[in-house]
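S.K.: sequence? don't have it. structure:
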């Protein structure tokens, strides 16, 4: 049983690393107007989805055949949920890549500083949450979830600044709406990682705790 769990933990780490890399590539594609890199992120989505299916199938087989109890069962349930959240974060990387493809056809109308901070914080938050999962460290999970406040703050700043710009420069409205939509998708990334952290606390302590109310 422990050997199979170790393999699943490794697979979760691989999937999370892949998603984090895709976020970074999508951000680079946006900043450098690199359509080839954006298309690479879109193509990689199939690999992320395949990892999700593999992990979920393996976890389901363990539940059905080994009849785990207590901590092992909670960990397997957590793994099933984590793969779902990772897949959604991967979808946000794809959305960012698609935005990069569309925005690359037009000259930028503002700095992408806030988007950059959201993505980089999300990457750090993701690494910290998976590390907390592997270590079964609830305090580390809480610290990881707390970083969502930084993502929310950057999204709020970008929204406020962009709305002001739209009032002054009507010509940028279409691009501004696309940027706001992209920021909104990325803001949800922090919520997904927070959910991972809540799952870690349940896995370790067998109690539910809502983070970042």
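M.R.: Right, received. Where do you want to start? In this text the structure is predicted, and so the values were computed from the model without any measurement.
S.K.: Using the centroid of this structure, identify the residue furthest from it.
M.R.: Distance from the centre of the chain peaks at residue 168, with 33.4 Å (C-alpha atoms, centre = their mean).
S.K.: Quick check: which element contains the most centrally placed residue in the chain?
M.R.: The centroid of the chain falls nearest to residue 89 when counting by C-alpha atoms, centre = their mean (3.3 Å). Assigned by DSSP states H and E, residue 89 falls within helix 70-103.
S.K.: Which positions within the first helix or strand past that helix going along the chain qualify as buried?
M.R.: The element immediately downstream of helix 70-103 (helix or strand, assigned by DSSP H and E) is helix 113-135. With burial defined by 16 or more other C-beta atoms under 10 Å, the residues of helix 113-135 counted as buried are 114-115, 117-123, 125-130, 132-133. For glycine as for every other residue, the C-beta is placed from the backbone atoms N, C-alpha and C.
S.K.: So which other helices or strands are in contact with the helix or strand following helix 113-135?
M.R.: Of the helices and strands lying after helix 113-135 in sequence (DSSP H and E), the nearest is helix 138-146. Identification of packing neighbours for helix 138-146 by 3 or more C-beta pairs under 8 Å, 6 or more residues apart in numbering; DSSP states H and E yields helix 113-135, helix 173-205.
S.K.: if I pick residue 194, what's in contact with it?
M.R.: When contacts are counted by C-beta atoms under 8 Å, 6 or more residues apart in numbering, residue 194 touches 145, 148, 211-212.
S.K.: Taking these, tell me the two that lie furthest apart.
M.R.: Among the contacts of residue 194, the pair separated by the greatest distance (C-beta to C-beta) is 148 and 211, at 8.0 Å.
S.K.: Compare these two and say which is more crowded by neighbours.
M.R.: The neighbour comparison of residue 148 against residue 211 (other C-beta atoms under 10 Å) goes to residue 148, with 22 against 15.
S.K.: quick one: contacts for the closest residue to residue 202 other than its chain neighbours?
M.R.: Computed as C-beta to C-beta, 6 or more residues apart in numbering, the closest residue to residue 202 that is not its neighbour in sequence is residue 208, at 5.6 Å. Contacts of residue 208 were listed using C-beta under 8 Å, 6+ apart, and they are 198, 201-202.
S.K.: switch the cut-off to 10 Å
M.R.: Counting by C-beta atoms under 10 Å, 6 or more residues apart in numbering, residue 208 touches 198-199, 201-202.
S.K.: Any chance of the backbone angles for it?
M.R.: phi -90, psi 130 (degrees, to the nearest 10).
S.K.: swap in residue 18?
M.R.: Taking degrees, to the nearest 10 as the convention, residue 18 sits at phi -60, psi -40.
S.K.: okay, now it: neighbour count?
M.R.: Neighbour tally, residue 18, other C-beta under 10 Å: 17.
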